[in-house]
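# Model the following, please.
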Amino acid sequence: MGAFAEMIHDDPLAAAFGTVGFLCQLIWPIFHARKAILVAQFGIGADYSIQYMLLEAWSGAGVAGLGALQTVLAFFAGERSWLRHVGFIFLPLVGAVGYVTWNGTASVFALVAVILIIVGRMQRDTLRLRILLLAASPFGIGYDIVVGALPALIGGVVSAIIASIMLVREINSRRQE
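Okay, here's the model as predicted:
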């Protein structure tokens with residue numbers, strides 16, 4: 001925990017936003033309803049975007065911010081598939097942010113993670129939503145390792161574990177139906 005204590009000392013505001021993002025990251029997998037998952041996903045994107053910005057990790061800040069905006073659209077799209085598909089316009093914006101903020105491996109991790117997350121959030125079915133969000137986890141974890149975002153890293157690892165358990169539960173529940 002030395003690195004986290006150092007981050008709290010060096011940039012308490014970044015640590016605060018990282019902690020809130022971390023809490024949102026821990027709770028999203030336990031929700032059953034798509035809208036509840038999306039509310040927590042918004043918290044992750046918004047808070048981590050600010051944390052990354054304060055840490056001057058610009059690729060993460062940009063793509064997490066776009067992800068938060070796209071989550072708002074996905075939330076309000078509901079059953080309107082035409083509006084849900086409008087969320088895909090964020091993909092070229094993610095590419096543009098990645099190009100402008102290019103930082104090698106960190107940018108690759110950020111881009112792949114957010115692309116999977118954006119496509120996942122556009123899913124109406126919670127099983128597909130969970131699968132795509134879980135598939136993004138290794139890339140988000142890789143990004144957090146590269147940029148040194150400890151709260152996001154811990155949140156990513158714990159969230160991936162919880163999300164895996166909840167994915168198995170949802171698959172088993174559907175088999176029983």
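
# Now do the buried residues in stretch 89-104.
Buried residues in stretch 89-104, defined by neighbour count with 16 or more other Cβ atoms under 10 Å: 90-91, 94, 97-98, 101, 103. From N, CA and C alone the C-beta is placed, and that goes for glycine too.

# where along this protein do the helices fall?
Taking DSSP state H as the test, the helices found in the chain are 2-10, 12-27, 34-54, 58-77, 81-86, 90-100, 105-121, 126-147, 150-176.

# now those in a markdown table, with mean pLDDT?
A markdown table is the format used below for those (pLDDT from 0 to 100):
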| stretch | mean pLDDT |
| --- | --- |
| helix 2-10 | 66 |
| helix 12-27 | 90 |
| helix 34-54 | 93 |
| helix 58-77 | 89 |
| helix 81-86 | 77 |
| helix 90-100 | 90 |
| helix 105-121 | 91 |
| helix 126-147 | 93 |
| helix 150-176 | 91 |
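
# could you dump the buried residues of stretch 89-104 to TSV with distance to residue 56?
Below are these laid out as TSV (distance: Cβ to Cβ, whole Å):
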residue	distance to residue 56
90	23
91	25
94	19
97	15
98	16
101	10
103	10
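
# Go through these and name the one nearest residue 119.
residue 91 (8.1 Å; Cβ to Cβ).

# these two touch, right, that closest one and residue 117?
No: using Cβ atoms under 8 Å, residue 91 makes no contact with residue 117, being 11.1 Å away.

# quick one: contacts for the closest residue to residue 84 other than its chain neighbours?
Spatially, and ignoring its direct neighbours in sequence, residue 84 is nearest to residue 77 (3.8 Å; Cβ to Cβ, 6 or more residues apart in numbering). For residue 77, the contact set (Cβ atoms under 8 Å, 6 or more residues apart in numbering) comprises 83-84, 86-87, 122.

# Show me which of these are buried.
Buried among the contacts of residue 77 (16+ other Cβ under 10 Å): 84, 87, 122.
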